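*Asks:* Okay, here's the prediction I keep looking at, along with the sequence it came from:
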Amino acid sequence: MVAVLPIISAVLREQRWLAVVLFIAASLLDTADGYLARRYRMTSRTGAWLDQLADKILVLPALVASAYLHQNSGWFPIIRFFTIIY
């Protein structure tokens, strides 16, 4: 979740490659975190819920940034938001 603001900032400053690198790094760190939690049996219901929330918080700004850059329809992030919630 820490990467969300730098990603949005990079998009607004039109530094797309930086935004992509930050998004990929955040995604890889999230994957490693999940793997290590399962590997060392340090999982919990709260942790699983927070991980899903963090995933959603990371993906939604990417969708909004994509719409901002006219890479997809402005409706797509809105539709995706409601499919993520439910």
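*Replies:* Here it is on my side, so go on.
*Asks:* residue ranges for the helices of this protein, please.
*Replies:* 4-12, 16-39, 45-68, 75-85 (DSSP state H).
*Asks:* Tabulate the ones you listed (a markdown table), appending mean neighbour count and mean pLDDT.
*Replies:* To be clear about C-beta, it is placed using only N, CA and C from the backbone, and glycine gets the same treatment. Shown next, in a markdown table, are the helices of the chain (neighbours: other Cβ atoms under 10 Å; pLDDT from 0 to 100):
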| stretch | mean neighbour count | mean pLDDT |
| --- | --- | --- |
| helix 4-12 | 16 | 89 |
| helix 16-39 | 14 | 91 |
| helix 45-68 | 14 | 84 |
| helix 75-85 | 12 | 69 |
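*Asks:* ok, now how distant is residue 17 from residue 23?
*Replies:* 11 Å (Cβ to Cβ, to the nearest Å).
*Asks:* should've said residue 64
*Replies:* Distance, residue 64 to residue 23, using Cβ to Cβ: 13 Å.
*Asks:* Then residue 35?
*Replies:* 19 Å.
*Asks:* Also residue 54?
*Replies:* 13 Å.
*Asks:* give me every residue that touches the residue nearest the centre of the chain.
*Replies:* Most central in the chain under Cα atoms, centre = their mean is residue 58, positioned 1.8 Å from the mean C-alpha point. Residue 58 makes contact with 1, 3-4, 23, 26-27, 30, according to Cβ atoms under 8 Å, 6 or more residues apart in numbering.
*Asks:* What is the nearest of those to residue 11?
*Replies:* Nearest to residue 11 out of the contacts of residue 58 is residue 23 (Cβ to Cβ; 9.8 Å).
*Asks:* Please look at the closest one and residue 10 and confirm they touch.
*Replies:* No: between residue 23 and residue 10 there is no contact under Cβ atoms under 8 Å: 9.2 Å.
*Asks:* Touching both of those two, which residues are there?
*Replies:* With Cβ under 8 Å, 6+ apart, residue 23 and residue 10 have no common neighbours.
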